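In: A structural model of the following input is requested.
(one chain, ligands or ions: 2)
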Amino acid sequence: MTRFESAKEMYQNIGVDVDAALKKLNNVKISMHCWQGDDVAGFENGSSLDGGIAATGNYLGKARNSAELMADLDKAFSLIPGKHKVNLHASYAITDEKVDRDKLEPKHFKAWVDYAKDRGLGLDFNPTLFSHPKAANGLTLSSPDKKIRQFWIDHCKASRKIAEYFGKELRTTTLNNIWIPDGYKNAPADRLSPRKRLKESLDEIFTQKVDAKYIADCVESKVFGIGFESYTVGSSEFYMNYAAKNNIMCLMDTGHYHPTEVVSDKISALLLFSEKLALHISHPVRWDSDHVLVLNDELKEIGKEIVRSDALDRVFIGLDFFDASINRIAAWVVGMRNMQKALLEALLAPNAKLAQLQETENFTELMALQEELKTYPMGDIWDYFCKMNNVPEKQNWLIDVKNYEKNVLSKRTEQTI
Ligand SMILES: C[C@H](O)[C@H](O)[C@@H](O)C(=O)CO
Ligand SMILES: [Mn+2]
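Out: Numbers count the residues shown, from 1 in each chain. Ligands and ions are numbered 1, 2, ... in the order given. I've put the predicted structure just below:
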């Protein structure tokens, strides 16, 4: 009997259908963010990273152009089970033209569509409202300056067209996520006016007609950013209400809440009121530090919440971290595989039985079973899942990453080509 067969039998004995779990996991597309590959630099060669976010570390081999970023993404995907999506920011346009963000068009992202088509991947999109001279003071859609607001409104409209184009070309629904850094370092005198302006800007953006078959809009809230500690215009309450009233989605980033607040607890609450929701799964350490996902309790809890709400097709799962202190391809691989492991663990739980124990107030058995499940042989099922997808099992993927670092990454110098 193989380790997989013996593990499968153990799960079967508690009523879990392992084959069905593996099938479900194989269908989950996770959106892998391109910006881990180059520390959120983008291809514009202009402003350095701002907007209250920061990538720290100086590990060798960061991608310096689209060819390198695509090659690095390929390397990472070759070590991750299944077919997924790439999440792009507007600052990653591939063009020889000097085009400002308000004038971006689908053609500036054609190379990404070709890339995705060739590999059977999907694409998601984000307008980039930071690292730009017109966002230098951190005010964009809520700026008191009408011209600045208009520039960013036009950028968001351009981005929605690009997202729609991705969806059409790739026959998927592309997520288009608006996040803005807007806020103040010190206590504001007027909290209402910036929020009113943000609301009006969003209203104008969403007057633009796009085909809902191909694009799903969402808005990402935040609690604070570096340099914007006292006030964030696009807060959680703001966007939850905006999204509900305008029939668009909320995007919850796991790093965008107070330290003891957890996104896992918010998923069921949102799913009761909206058809779909989006997530940026990150790993905040003391603040929105954007560390690589580790398989911690909160990640497992998020997996459980999605699975137990039977919402694998209602939640857009995307990753959002940028760690420059370790090999960037390893960062992607660890994060993606951990997200999948969290979902697998949830799929391998006797969820109906656990729910019934809760409903019948049998809390002793519920606790006993939940605790025993923690030492069930999930790893053997995971190894089988890797094998079935022709990717290395256990830490064997690291051999590939080390070779790639030796042969490719270490040859890259600091300057952009
Ligand atoms: C690159 C950023 O992480 C991203 O646009 C945004 O999603 C964010 O989380 C800012 O903190
Ligand atoms: Mn995010």
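In: average model confidence for stretch 245-262?
Out: Mean pLDDT, stretch 245-262: 97.
In: From the opening residue of that stretch to its closing one, how far?
Out: Distance between the two ends of stretch 245-262: 24 Å, counting by CA to CA, to the nearest Å.
In: isn't Leu141 right next to Arg195, touching?
Out: No: applying CB atoms under 8 Å, one finds Leu141 not in contact with Arg195, separated by 10.5 Å. C-beta: built from backbone N, CA, C; applies to glycine.
In: between the two, who's got more neighbours?
Out: Leu141 (29 against 20; other CB atoms under 10 Å).
In: element containing that one, please.
Out: For Leu141, there is no enclosing helix or strand under DSSP states H and E.
In: What does it show for phi and psi?
Out: Note on Leu141: backbone dihedrals following degrees, to the nearest 10 are phi -70, psi -10.
In: Torsion angles phi and psi at the residue nearest to it when sequence neighbours are not counted?
Out: Excluding its sequence neighbours, the residue lying closest to Leu141 (CB to CB, 6 or more residues apart in numbering) is Ser201, at 3.9 Å. Here is the backbone geometry of Ser201 (degrees, to the nearest 10): phi -60, psi -50.
In: got a list of what Ser201 touches?
Out: Applying CB atoms under 8 Å, 6 or more residues apart in numbering to Ser201 gives the contacts Leu141, Ser142, Arg149, Trp152, Ile153, Cys156.
In: any idea how far it lies from ligand 1?
Out: 17 Å (CB to the nearest ligand atom, to the nearest Å).
In: and that residue, what pLDDT?
Out: 99.
In: In contact with the residue of the stretch 301-417 of the chain found nearest ligand 1, which residues?
Out: Ranked by CB to the nearest ligand atom, the top residue of the stretch 301-417 of the chain for proximity to ligand 1 is Asp320, at 4.7 Å. The contact partners of Asp320, by CB under 8 Å, 6+ apart, come to His33, Asp253, Gly255, His280, Ile281, Ser282, Asp290.
In: Also Ala54?
Out: By CB under 8 Å, 6+ apart, the neighbours of Ala54 are Ile226.
In: In a strand, it, correct?
Out: No: counting by DSSP: H, G, I helix; E, B strand; the rest coil, Ala54 is not part of a strand but coil.
In: picking that back up, farthest-apart pair in the contacts of Ser201, please.
Out: For the contacts of Ser201, the farthest-apart pair by CB to CB is Ser142 and Cys156; their separation is 12.8 Å.
In: State the number of residues packed around Phe238.
Out: 18.
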